[in-house]
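Student: here is my input, please return the structure:
(chains A and B)
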There are 2 protein chains.
Amino acid sequence: MKIVVLTKGLEQKHKDLICASAEKANAEVCFAESENAFPEGFEDPDVIYGFGVKTARTNPKLKWLCVPSAGVDYLMKPDSFANPDCILTNSAGAYGVSIAEHIIAVSLMMMRRLTEFYLRSSSGEWDTPKLQKSLKNCRITVLGTGDIGCTFARRAKSFEPSSLTGICRSGVCSEPVFDRIFKIGDLDKVLPSTDLLVMSLPATSETENILSRERIDLLPEGAYVVNVGRGSAIDEDALADSLDSGKLGGAALDVFKTEPLPSDSRLWHTKGLLITPHVAGNLTVEYTMDRNVEMFCEDLLAYAQGLPMKHVVDRNRGY
Amino acid sequence: MKIVVLTKGLEQKHKDLICASAEKANAEVCFAESENAFPEGFEDPDVIYGFGVKTARTNPKLKWLCVPSAGVDYLMKPDSFANPDCILTNSAGAYGVSIAEHIIAVSLMMMRRLTEFYLRSSSGEWDTPKLQKSLKNCRITVLGTGDIGCTFARRAKSFEPSSLTGICRSGVCSEPVFDRIFKIGDLDKVLPSTDLLVMSLPATSETENILSRERIDLLPEGAYVVNVGRGSAIDEDALADSLDSGKLGGAALDVFKTEPLPSDSRLWHTKGLLITPHVAGNLTVEYTMDRNVEMFCEDLLAYAQGLPMKHVVDRNRGY
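Tutor: As a prediction, this is how the structure comes out:
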């Protein structure tokens, strides 16, 4: 078995773990800079750990692609895999901690108006008190109750919200962290009593524009929206209209329909919109990278022994 | 019994609760704009709820002053009370929730570099990933384990820090939320293994400059400091030196030796310093004001019945 590792930013400890796992799996491993330059003897790898998108599309000999991202929407095209039986695993589960911290941070920044206080103080101005909101007694709805939604909910619970509602496709969540769970079909019933809507959905045909203009209108005055899943889930124009009209209290977007966000996008100038450049789940957080590598190595040992792998993507669902 | 309420920002529901409590306590109550304009018949009130600092100093008939702040350092001068037996109560206990949220917010803003991402994106720039830190596996030390320190610790625990250490005068904390508690004398032993130092101390002679230059030097490279107590607790110049040298990872100050922070202060230009204008415990948060009024009303009923009041300040300790 030959493995090419393309994942960037690995430290020596990560490389050591990968090499030790490869040895146990009776595999040869090499670390490559890009798909355009596989080392000699590794031109047709069995396994790629990294963004081996081009190889997956062109090389029918690839048996397993493990991507270091949680989202895999960019691998869901009909021609994404030259080998129709190629296994695809992702790294969902590595990002929950970092993204949950991002959600808490941007929610509090908006509710406590820290962006305004910060901007004033960075220009040397001692600002006056402003109306602030709290996560305590807040009605929180989490749309998407996977690793990210649950990891956020565990943290959010400690802030004593008045309700913590989860919404997901199945209506069943593996973890008893929410006060109540609804199916996506019940979304319209939950939105009118939502003060903070957290969106952590994969990009699938079902989630496209799920936060439509009509649904944004169902949110109460002063509500906040945070999106850390995929930009395709929101009607961005409708969100900007609602923010500009002053109806919503604020929104924090880390993901967009087009990334990087085009320089002529109206979102750059939308009132009360906190933009971050897709950094909620950066691999620059040590824990995220550690988990990412550990998860690949766990699956590698399972793969070598013909045991079930933990992080296989269901290509019909798209996550 | 005559009560003057000076507290600002009360809503009708708060006034209603105060009036209902006063009726139960057999007291007359009035709401005044300032100490310079007490309504007729209320020139010599028995009780003031609000910042009745001038009246306390000049009117020996005042029997009880309840201030809506947690800190009471501004009432600890020898001539602060014309009536030496005047009871002083504060509103410690109302601010924990809001200030805990502030601490979590600014800590994550620093560790996740959200101020940088935010400043770039507010000028229309899609920034590149930067090294980020996490509260997970972070060694957190909380200096001051009163209401604020404990309320923060309960929230911080959900982020899975590797340690949560409390430090206080007595070495005993009423709540089992910390992994371990030390006395203030042990501070020097704890600082070298502290990644995030949270300071929530009252201003007393014991806490003045407690974070001295020598102690700042004991913190590890890249450590973060958050102060929400009183500005007197930090050697501000030493902190600025350490930040400017790049040794500390960052600091977030909500309180300063002089407030408002003078326009010529070097702190406005100190590297990695997040300044907020004493807004961590604003009364503009609904919950804070609710609790503030409830606490006064609880004590009012106790006072009227000659029972022990819950929020009496120990003037020897100064909090």
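
Student: briefly note if the worst-scoring helix or strand of chain A on mean pLDDT comes near chain B.
Tutor: The helix or strand of chain A with the lowest confidence, counting by mean pLDDT, DSSP states H and E, is helix A:114-122 at a mean of 91. Yes: residues of helix A:114-122 are located near chain B by Cβ under 8 Å from any Cβ of the partner chain, namely A:Leu114, A:Thr115, A:Phe117, A:Tyr118, A:Leu119, A:Arg120, A:Ser121, A:Ser122. For glycine as for every other residue, the C-beta is placed from the backbone atoms N, C-alpha and C.

Student: correct me if wrong: A:Asp127 contacts A:Tyr118.
Tutor: No: applying Cβ atoms under 8 Å, one finds A:Asp127 not in contact with A:Tyr118, separated by 9.4 Å.

Student: so between the two, which is more surrounded?
Tutor: Neighbours were counted for A:Asp127 and for A:Tyr118 using other Cβ atoms under 10 Å in any protein chain shown; A:Tyr118 has more, 23 against 18.

Student: pull the number of nearby residues for the residue nearest to the more buried one when sequence neighbours are not counted.
Tutor: Distances taken as Cβ to Cβ, 6 or more residues apart in numbering or on different chains put B:Thr115 closest to A:Tyr118, at 6.1 Å, once the chain neighbours are dropped. Using other Cβ under 10 Å, B:Thr115 is surrounded by 21 other residues.

Student: again, but for A:Gly246
Tutor: Residues contacting A:Gly246 under the criterion other Cβ under 10 Å number 11.

Student: same deal with A:Gly229?
Tutor: Neighbourhood size, A:Gly229 [other Cβ under 10 Å]: 27.

Student: so it sits in a strand?
Tutor: No: secondary structure of A:Gly229 (DSSP: H, G, I helix; E, B strand; the rest coil): coil, not part of a strand.

Student: what's the separation between it and A:Thr207?
Tutor: 7 Å (Cβ to Cβ, to the nearest Å).

Student: between these two, which contacts overlap?
Tutor: Shared contacts of A:Gly229 and A:Thr207 (Cβ atoms under 8 Å, 6 or more residues apart in numbering or on different chains): A:Leu201.

Student: hmm, back to that, among the residues of helix A:114-122 next to chain B, the buried ones, what's the PyMOL command?
Tutor: Selection of the buried residues among the residues of helix A:114-122 next to chain B in PyMOL, burial being defined by 16 or more other Cβ atoms under 10 Å in any protein chain shown:
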select buried, chain A and resi 114+115+117+118+120+121+122
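
Student: what's near enough to touch the closest residue to A:Val293 other than its chain neighbours?
Tutor: Among residues not flanking A:Val293 along the chain, A:His14 sits closest, at 4.5 Å (Cβ to Cβ, 6+ apart). Applying Cβ under 8 Å, 6+ apart, we find A:His14 in contact with A:Met289, A:Asp290, A:Val293.

Student: between these, which sits nearest chain B?
Tutor: The closest of these to chain B turns out to be A:Asp290 (Cβ to the nearest Cβ; 9.3 Å).

Student: what about that closest one, which SS state?
Tutor: Assigned by three-state DSSP, the conformation of A:Asp290 is helix.

Student: so what's the residue count around it?
Tutor: When neighbours are counted by other Cβ under 10 Å, A:Asp290 registers 16.

Student: which element is the closest residue to it other than its chain neighbours on?
Tutor: Of all residues not flanking A:Asp290 in the chain, A:His14 sits nearest, at 7.5 Å (Cβ to Cβ, 6+ apart). Following DSSP states H and E, one finds A:His14 within helix A:12-24.

Student: average pLDDT across that helix?
Tutor: For helix A:12-24, mean pLDDT is 98.

Student: ditto for stretch A:151-158
Tutor: 98.

Student: quick one: that stretch near chain B?
Tutor: Yes: applying Cβ under 8 Å from any Cβ, one finds stretch A:151-158 in contact with chain B at A:Arg154, A:Arg155, A:Lys157, A:Ser158.

Student: so the first one lies in a helix, does it not?
Tutor: Yes: assigned with three-state DSSP, A:Arg154 falls within a helix.

Student: burial count for the residue nearest to it when sequence neighbours are not counted?
Tutor: Excluding the flanking residues, the one nearest A:Arg154 by Cβ to Cβ, 6+ apart is A:Val177, at 5.4 Å. The local packing of A:Val177 (other Cβ under 10 Å) involves 20 other residues.

Student: ok, A:Asp188 next?
Tutor: 11.

Student: not counting its neighbours along the chain, what's nearest it?
Tutor: Per Cβ to Cβ, 6+ apart, closest to A:Asp188 is A:Leu218, 6.1 Å.

Student: go ahead and confirm that neighbour touches A:Pro192.
Tutor: Yes: using Cβ under 8 Å, A:Leu218 is in contact with A:Pro192, at 5.4 Å.

Student: which of the two has more residues huddled nearby?
Tutor: For A:Leu218 versus A:Pro192, neighbours defined as other Cβ under 10 Å are more numerous around A:Leu218 (17 against 12).

Student: and the more buried one, how far from chain B?
Tutor: In this view, A:Leu218 and chain B are 23 Å apart by Cβ to the nearest Cβ, to the nearest Å.

Student: equivalent analysis for A:Ala302, please.
Tutor: 26 Å.

Student: that residue - that's part of a helix, no?
Tutor: Yes: looking at A:Ala302 with three-state DSSP, it is inside a helix.

Student: next up, the contacts around it.
Tutor: Per Cβ under 8 Å, 6+ apart, neighbours of A:Ala302: A:Pro308, A:Met309, A:Lys310.

Student: just the buried residues from those, in PyMOL please.
Tutor: Only the buried entries of the contacts of A:Ala302 go into this PyMOL selection, using 16+ other Cβ under 10 Å:
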select buried, chain A and resi 309
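
Student: closest to A:Pro277 among the contacts of A:Ala302?
Tutor: A:Lys310 (30.5 Å; Cβ to Cβ).

Student: name the SS class of that closest one, please.
Tutor: coil.

Student: just the pLDDT for it.
Tutor: For A:Lys310, pLDDT reads 97.

Student: then A:Ser123?
Tutor: A:Ser123 carries a pLDDT value of 89.

Student: likewise A:Ile181?
Tutor: For A:Ile181, the predicted pLDDT is 97.

Student: surely it and A:Arg169 touch.
Tutor: No: A:Ile181 lies out of contact with A:Arg169 (Cβ under 8 Å); the separation is 10.9 Å.

Student: and the contacts of A:Ala302 as a markdown table, adding distance to chain B?
Tutor: Shown next, in a markdown table, are the contacts of A:Ala302 (distance: Cβ to the nearest Cβ, whole Å):
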| residue | distance to chain B |
| --- | --- |
| A:Pro308 | 28 |
| A:Met309 | 25 |
| A:Lys310 | 21 |
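
Student: now, which of the contacts of A:Ala302 sits nearest B:Phe51?
Tutor: Of the contacts of A:Ala302, the one sitting nearest to B:Phe51 (Cβ to Cβ) turns out to be A:Lys310, at 59.7 Å.

Student: what about that closest one, distance to B:Gly52?
Tutor: The value you get for A:Lys310 to B:Gly52, if Cβ to Cβ is used, is 64 Å.

Student: pop the domain breakdown of chain A in here.
Tutor: A:2-94+A:284-304, A:96-275 (automatic domain parsing).

Student: out of those, nearest to B:Gln132?
Tutor: domain A:2-94+A:284-304 (4.9 Å).

Student: run a quick neighbour tally on A:Glu221.
Tutor: A:Glu221, neighbours per other Cβ under 10 Å, totals 8.

Student: what's around the nearest residue to it once chain neighbours are set aside, how many residues?
Tutor: Closest residue to A:Glu221 apart from its sequence neighbours, by Cβ to Cβ, 6+ apart: A:Lys247 at 5.9 Å. Neighbour count for A:Lys247, taken as other Cβ under 10 Å: 15.

Student: ok, the one 5 residues further on next?
Tutor: Applying other Cβ under 10 Å, we find 26 residues neighbouring A:Ala252.
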